[in-house]
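>>> heads up, no residue letters with this:
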């Protein structure tokens, strides 16, 4: 049995997230249907992160086990021929039997984009949150640093939808990077820029990044002081933090693994 690792990019706009859901179009469901078509076997595809509805991915990593003799090149080419254009397999690799895209991940990096210009170009509106209102960038940058390190993120996590799962899940997470970047916008029609929140961590809870960004925006609007963040973390109370930012601004940028990532063969890109 071979273990195949794909690096996948997708536009999450028209999908109900990664994970298979009854009656919903999901990235996992579409890819599993194609894999079944190619191998005549229903195979589970695992992902490094279960992105929510409307969330995008540039460097999602998935793996699946198959007895198929198809070459990596043929697998990648066949998937891309059958997938909708909103999903692409950018790399294919054969890895060791014990490799798992989720459990072996060392870190994941997400980016949340806030478009600060008066008018959003039609070419980017699906991938940013538009907010041209007055916000204090420096206050948000200062507050973001309070997320660094190991914390209980109950205050910034959404329910899984199951009381039993909520009781059993581990709420402590470690954040290695938490910062705001500013990028000029050249084709927006007016002077402006994008503000991009970059967060890198071992793993994340449901809606965690979007809830963190919403609270940081509250800081930027003067509703919270930057130094209030440590207290919010200590409260472990979801009702005390900000709302949840819209999904379209969030993208899973990359996933990191031990080097080399248990590779058995050459990577195709």
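Sure, I can see it. Small disclaimer: the values here were computed from a predicted structure and weren't measured. Numbering: from 1, shown residues only.
>>> what's the local residue count around residue 14?
Neighbours of residue 14 under the rule other C-beta atoms under 10 Å: 12. To be clear about C-beta, it is placed using only N, CA and C from the backbone, and glycine gets the same treatment.
>>> OK, contacts around it?
By C-beta atoms under 8 Å, 6 or more residues apart in numbering, the contact set of residue 14 is 25, 86.
>>> quick check: it vs residue 24, distance?
Remark: distance between residue 14 and residue 24 (C-beta to C-beta, to the nearest Å) = 11 Å.
>>> residues in contact with residue 171?
Applying C-beta under 8 Å, 6+ apart, we find residue 171 in contact with 152, 153, 154, 157, 205, 236.
>>> same question for residue 20.
Residue 20 neighbours (C-beta under 8 Å, 6+ apart): 26, 28, 29, 32.
>>> list just the nearest of those to residue 7.
Nearest to residue 7, judged by C-beta to C-beta, of these is residue 28 at 15.3 Å.
>>> re the thing from before, if any of the contacts of residue 171 are buried, put those into a ChimeraX selection.
Per 16 or more other C-beta atoms under 10 Å, the buried members of the contacts of residue 171 correspond to this ChimeraX selection:
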select :153,154,157,205
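>>> which residues in this protein form helices?
With helices called from DSSP state H, the chain shows them at 27-39, 72-82, 137-144, 163-168, 208-220, 229-235.
>>> kindly calculate the angle that the third one makes with helix 208-220.
It stands for helix 137-144. Here helix 137-144 runs at an angle of 130 degrees relative to helix 208-220 (axes from the mean of the first three to the mean of the last three C-alpha atoms, to 10 degrees).
>>> helix 137-144 - what's its average pLDDT?
Mean pLDDT, helix 137-144: 98.
>>> buried residues in it?
Buried residues in helix 137-144, defined by neighbour count with 16+ other C-beta under 10 Å: 139, 140, 141, 142, 143, 144.
>>> wait, what's in contact with the last one?
Under the criterion of C-beta under 8 Å, 6+ apart, the contact list for residue 144 reads 178, 179, 180, 197, 216.
>>> among those residues, which one has the most neighbours?
Within those, neighbour counts (other C-beta under 10 Å) peak at residue 216, which reaches 30 neighbours.
>>> okay, residue 163: pLDDT?
Model confidence at residue 163, expressed as pLDDT, equals 59.
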